[in-house]
Structure formats: structure tokens, C-alpha cells
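Participant: only geometry, no sequence info:
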RNA sequence: GACUUGGUAGCUCAGUUGGUAGAGCACCUCCCUUUUAAGGAGGUGGUCCUGGGUUCGAGCCCCAGCCAAGUCACCA
């Protein structure tokens, strides 16, 4: 590996520390008893504290120095004074260890006393300190000036996502997003648990990827010798549990879809699904708006959330509009009672591209997606979707062409999807078969038939309402982030770079060398068992790529890992 | 998948018509005992994303590729 000058300097400091008998990575517990936050909140002049964290900035002025220590809760100023730390004649702890051998990014533990500086800053006067972990790579160092302007911000999205650890260290606002994310999950759990609903886990590796229209990841189980799919949804398993007698079950579900990536789609994402027996989708709408109002309050302390140019209010209740009303409102076209051909012609007139694989449901969905969806900024329930595009949803009690389904739209995007669940096993089989026909017409997202799921329904499932919420999307709204990558710790990225391409001979030599770290050149050559020519080529390749180093002492040649 | 923009020091960024690679911060050396983005003086640091091409000469022009962001398409 090629080291920068800064990295080499830090490795040299590491060696010097060791030479002084200081372990840069000590094993023993450090008895922390305060954090930066509770020092500031409960400040007491002269109080003794033990704190630990990363050294994040230093202002050295000869025999004294101010620095900032960052822990999990924020930063606190610390004051290093030579004569406070080194009470005797030996001043090396300050002059050498602190001033020369510590770096920004190092973890240190501090024992000290609280005081306020002449300008009133709450500060820890260091009485003793200990290196807890040396950082070998320099962190980016954004700084904020008196006007709140950030200098040298660490902003490159590629580096921030690939090195989220560094992003989190230096960008407090990034950490805040993830704190809110966890608050959201906790709020939902609390809301559900208080109502007696039961958190469960269902399979991620599934023999049939069901519950949604999407392309799955496929994998293979070796000893069973069967294909398995990573789940695209957990719906069908949760409903099996309702069949099994639970009144309400929910799961935060990591789902996987083998589709495109963009700023709102990551190959793995988190959905929450909940199913409650003896309820219908009208009840679920009430439940949903109560839930989101509660979550917004828990996360942000207010029901209002800013998203880009919009201010969204999650305070219940939300408007409810049927899909037919919505389409009529925005296009003037009434879809009720229209044939597939009439719908296709209407869509064409609206300038929507259509093809013959599209059935009635898909056509209506296209019209809605194109002309209506984007207009709903404030939370709005869109209800009563066409039957064809909702194969797991109960037929509408008043209209056999429709289903009892709603989606919740916010800022023109869907964040929740809910049904009165289909529990008629014969109807369910017919819907699956209709999906097969769609697949034959070329719809590559049509659902598979899940016979085991139908068998479960045949035992009887109580009337049930279910809802799914896109957790990533919801937290994007609650934290004003237009990109899903900002709300995932580790968004999927293409691999960073190809490994150094080595010949097989060079790889073999390197493997031998790695075990020993350093060995005599002649011994390594003998172990490698290569011809002179091949040996020469292999060792030159390794040294050229800075993987190995050849050193000459008085009587021997040594090879070591670089 | 298409298009647009970008990739230069650890970080943020300049880089003129194609003519010896720059700044600020960081880092290193020296001075400095209550400061607060930035004390003073001096210094080090580069695979200009990769590979080809044009040229006497390429960070810059051309071609191909890699990675990212954005827009669109597709997809929930």
C-alpha cells in the first residue's frame, strides 16, 4: 500500500511512543465517568471528571494548549498545561507525548478538573491523560467560524458514503440523521407494542419471493441444492401468522430488490409491515394517521416537517380521495366502467406511452402515476385501486372492479400501502392465476403462485387489514434528505477499485511472505520452488507494486512485507 | 440504459492559448501559559482517476474505460 507523507509521519510517531514504553493500543478499561454533554449541562467549577474521546482540534501556545475532545455526545474543550500535567522535573509527557506524538483523531482518556476560561468557555483542566488509541490516517478537518460558516467541509458524497465512519466523525449533522432514524423505529415499536401488537421475524431466504411485484435476488442453498430468493416483501409470511392466531403482528423487514439504483432506490431497504385481525382498510387509515402523527412528534418534536421547498404536516386527519376521483379531478376523465381499450385510448390522448402488455390496472396506474401522484404534497390517502394491480387485496365491498386498498402519498410519493387483506382462498388462487396470464403477456414483475400461502388461507384467515410503510422514504421526509443514501449508513456502491492484478507466481510468493512477514530471500526462493526466471519475475512484480521490500544487511538479503 | 457535470496534496478548491503543478487549512521545525475557523517565522507534501492517441511538449485537446453526482427512462 502506498502511504502518504502524513501517514508515514504517524507511523513514525507510533514507533516512538512504543519506544518510550507507551502502548498506543492499550487493552485495559478506561474508567469514564462523564460525557461532554453532562459536563456542559451540570457544570460545577472544580469538579473532578474522567472523560474519553477523540482529539479533534488543538491550539498550542508553548507551554499551554487548548484542544477539543469529541465523544459520542459532542465536544468539550480541554486545557493542557505543561506544569499541571508534569508536576516534577520531567516534562516529556507534555513536551513530547502531547505536543509531538499525539495527532488529531487519536483517542485519549483525560482526568481533570472543570473550570471556565477568561472568555467563559466550559473547560476541563487536564491533570493526567492517557493515549487510548492512535489514529494512523488523518481525518478531514472541517471547522466552523464565528459566523457559522463551515470551512473545508467534508462533502464529497462518494467519499462520505464509502467512508461513512469518517463522515460520522466529522459531520455532526450526519449523525443526527441516524439518531432520528433510530428514534423513528423506536417510536413505531412503542406505538404498536402499546396497542398489544406483536413484533415477529420471518424468513429472508424464501423459496418463492412473494408479497410484491419486483425482481428478486436469487441465491442457492448447497445442501438442499435448491434456489432461494432474498425476500422482496414479508406480507405472505405475516398473514400466515394471522392464520396461526395472532391478532396483530408486525416486522421491520429488510427487503431486497434486484432493480435499478437511484436517489430513491437502494437494492436493500427497510419496510415495516403490520397486520391486524378483524380490521379493515378504513380502520387502518385512522391508525396510519395516528401513527405518523405520533412518529413525527417523537422524531422532530413537531408534526411539521420541511422537505425541500415543502412543509409537510403529519397532523391527523389526512384527506381521503378515491383513485377515480383523483384521475377525474386532474384529467377530467372518468375511469369508472371503462373497457381496457377505452382506457388505453384515453392514456394515449394524455400523452402517456402504452403497450399491449398493459392490462386495465396497469393503465389506470400509469395515468395516476403520470397525472395525479405528483400533486399530493400534504399527506393524502388515495383509495380504491383497480383490482388487477392488487392481487392480494380484498375486492371492494361496493364495486367488484376495485379493491379495498389505500396508499398514503406525501410530496408526490407513496410512503404507505394498505389493504383489507384478501382472505378468500379461492379468489386468491384466481388472482394468482390472473398474474400468471399477465406474466405470459410480458409483465416480468407479475407474482408467482404461492400454494403454501393458499393452503394457509384455506384453514381460514380472519378479516384482516395490513399496511406497509417504506421506512427509508419516511425518514427522508422527516430529516429533509432528498437522497436515500443519506439515510442509510452504508448505501450500496460499486466496488471501489480492482485489486492489484498479480500473476499466480507472484501471488504464491506473497502468500508465503505474508505468513512470515520477513524472511531470508534465499529461503523464500527455495520455498516458492520456482525456476530462477519465474522467481525473478515474481519478486520484481511484488517490489514494483510496493507489496514487498528487499533489504540488504551485511551478509544476507531479507524480504519483508512492505 | 441515455444524457449532463465532475475526479488535481490528508480536506476544500484554483490552474490562463497546450509551455517548470498552485492556494488556504492540515502536517513538519522553531518561538509562544486562559485561546477559540485563521498567533508568528520557515519548510515538506502530487500516479493531476486509468489506458491509449495528437504534439517538440498534455492537468488542459482527441478516443476508450473506471468511479461518482444530477436529469431522464425503467422500477415502487
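Facilitator: Yes, it's here. Keep in mind the model is a prediction, meaning the values are calculated, not measured. Numbers count the residues shown, from 1 in each chain, chains lettered A, B, ... in the order given.

Participant: show me what from the stretch 301-450 of chain A comes close to RNA strand B.
Facilitator: Residues of the stretch 301-450 of chain A lying close to RNA strand B by C-beta under 7 Å from any atom of the strand are A:353, A:365, A:369, A:373, A:407, A:414, A:417, A:445. C-beta here means a position set from N, CA and C on the backbone, and glycine is covered the same way.

Participant: can you list the residues you listed in CSV and add neighbour count and pLDDT?
Facilitator: Shown next, in CSV, are these (neighbours: other C-beta atoms under 10 Å; pLDDT from 0 to 100):
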residue, neighbour count, pLDDT
A:353, 9, 78
A:365, 19, 86
A:369, 12, 86
A:373, 18, 88
A:407, 21, 94
A:414, 17, 90
A:417, 21, 94
A:445, 13, 69
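
Participant: widest-spaced pair of the residues you listed?
Facilitator: A:353 and A:417 (24.7 Å; C-beta to C-beta).

Participant: follow-up on the earlier one: with secondary structure as added columns, please give the residues of the stretch 301-450 of chain A next to RNA strand B in JSON lines.
Facilitator: Shown next, in JSON lines, are those (DSSP: H, G, I helix; E, B strand; the rest coil):
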{"residue": "A:353", "secondary structure": "coil"}
{"residue": "A:365", "secondary structure": "helix"}
{"residue": "A:369", "secondary structure": "helix"}
{"residue": "A:373", "secondary structure": "helix"}
{"residue": "A:407", "secondary structure": "strand"}
{"residue": "A:414", "secondary structure": "strand"}
{"residue": "A:417", "secondary structure": "strand"}
{"residue": "A:445", "secondary structure": "coil"}
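
Participant: nearest to residue A:117, of the residues you listed?
Facilitator: residue A:414 (53.5 Å).

Participant: right, is stretch A:118-133 up against RNA strand B?
Facilitator: Yes. On the criterion C-beta under 7 Å from any atom of the strand, stretch A:118-133 is in touch with RNA strand B at A:118, A:119, A:120, A:121, A:123, A:125.

Participant: and the residues you listed, which are buried?
Facilitator: The neighbour count (16 or more other C-beta atoms under 10 Å) marks A:123, A:125 as buried among the residues of stretch A:118-133 next to RNA strand B.

Participant: what about the stretch 301-450 of chain A, any weak spots by pLDDT?
Facilitator: For the stretch 301-450 of chain A, residues meeting the criterion pLDDT under 70 lie at A:442-445.

Participant: burial of the closest residue to RNA strand B within the stretch 351-500 of chain A, as a residue count?
Facilitator: Of all residues in the stretch 351-500 of chain A, the one sitting closest to RNA strand B is residue A:494 (3.3 Å; C-beta to the nearest atom of the strand). By the criterion of other C-beta atoms under 10 Å, residue A:494 has 8 neighbours.

Participant: quick one: terminal-to-terminal distance for stretch A:230-244?
Facilitator: The straight-line separation of the ends of stretch A:230-244 (C-alpha to C-alpha, to the nearest Å) is 24 Å.

Participant: what residues sit buried inside that stretch?
Facilitator: A:230-243.

Participant: now do the strands in the stretch 351-500 of chain A.
Facilitator: For the stretch 351-500 of chain A, strands defined by DSSP state E, counting those that start in this stretch occupy the ranges A:380-383, A:405-410, A:413-420, A:464-470.

Participant: tell me where the stretch 151-300 of chain A has helices.
Facilitator: For the stretch 151-300 of chain A, the helices defined by DSSP state H, counting those that start in this stretch occupy A:157-162, A:164-170, A:172-194, A:235-243, A:281-300.

Participant: could I get the residues of the stretch 301-450 of chain A next to RNA strand B as a markdown table with distance to residue A:87?
Facilitator: Formatted as a markdown table, those follow (distance: C-beta to C-beta, whole Å):
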| residue | distance to residue A:87 |
| --- | --- |
| A:353 | 81 |
| A:365 | 77 |
| A:369 | 74 |
| A:373 | 71 |
| A:407 | 70 |
| A:414 | 66 |
| A:417 | 68 |
| A:445 | 74 |
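
Participant: closest one of the residues you listed to residue A:483?
Facilitator: Lowest distance from residue A:483 to these (C-beta to C-beta) belongs to residue A:414, with 17.5 Å.

Participant: so the closest one touches residue A:468, yeah?
Facilitator: No. Contact criterion C-beta atoms under 8 Å: residue A:414 and residue A:468 do not qualify, at 9.8 Å.

Participant: show me where the stretch 301-450 of chain A has helices.
Facilitator: Counting by DSSP H, counting those that start in this stretch, the helices of the stretch 301-450 of chain A are A:323-331, A:340-349, A:360-371, A:425-440.

Participant: re earlier: got the phi and psi for the residue of the stretch 351-500 of chain A closest to RNA strand B?
Facilitator: The phi/psi pair for residue A:494 (degrees, to the nearest 10) reads phi -70, psi 150.

Participant: now do it against residue A:131, distance only.
Facilitator: 37 Å (C-beta to C-beta, to the nearest Å).

Participant: ok, of the residues of stretch A:118-133 next to RNA strand B, which one's closest to residue A:151?
Facilitator: Closest approach to residue A:151 among the residues of stretch A:118-133 next to RNA strand B (C-beta to C-beta): residue A:121, at 20.2 Å.

Participant: is residue A:363 in contact with residue A:342, as I believe?
Facilitator: No. Applying C-beta under 8 Å, one finds residue A:363 not in contact with residue A:342, separated by 9.6 Å.

Participant: between those two, tell me which one has more neighbours.
Facilitator: When residue A:363 is set against residue A:342 and neighbours are counted by other C-beta under 10 Å, the residue ahead is residue A:363, at 26 against 14.

Participant: residue A:150: what's it in contact with?
Facilitator: Residue A:150 is in contact with A:142, A:143, A:144, counting by C-beta atoms under 8 Å, 6 or more residues apart in numbering.

Participant: tell me the one of those nearest residue A:391?
Facilitator: Lowest distance from residue A:391 to the contacts of residue A:150 (C-beta to C-beta) belongs to residue A:142, with 50.7 Å.

Participant: look at that closest one and report its pLDDT.
Facilitator: On pLDDT, residue A:142 comes in at 90.
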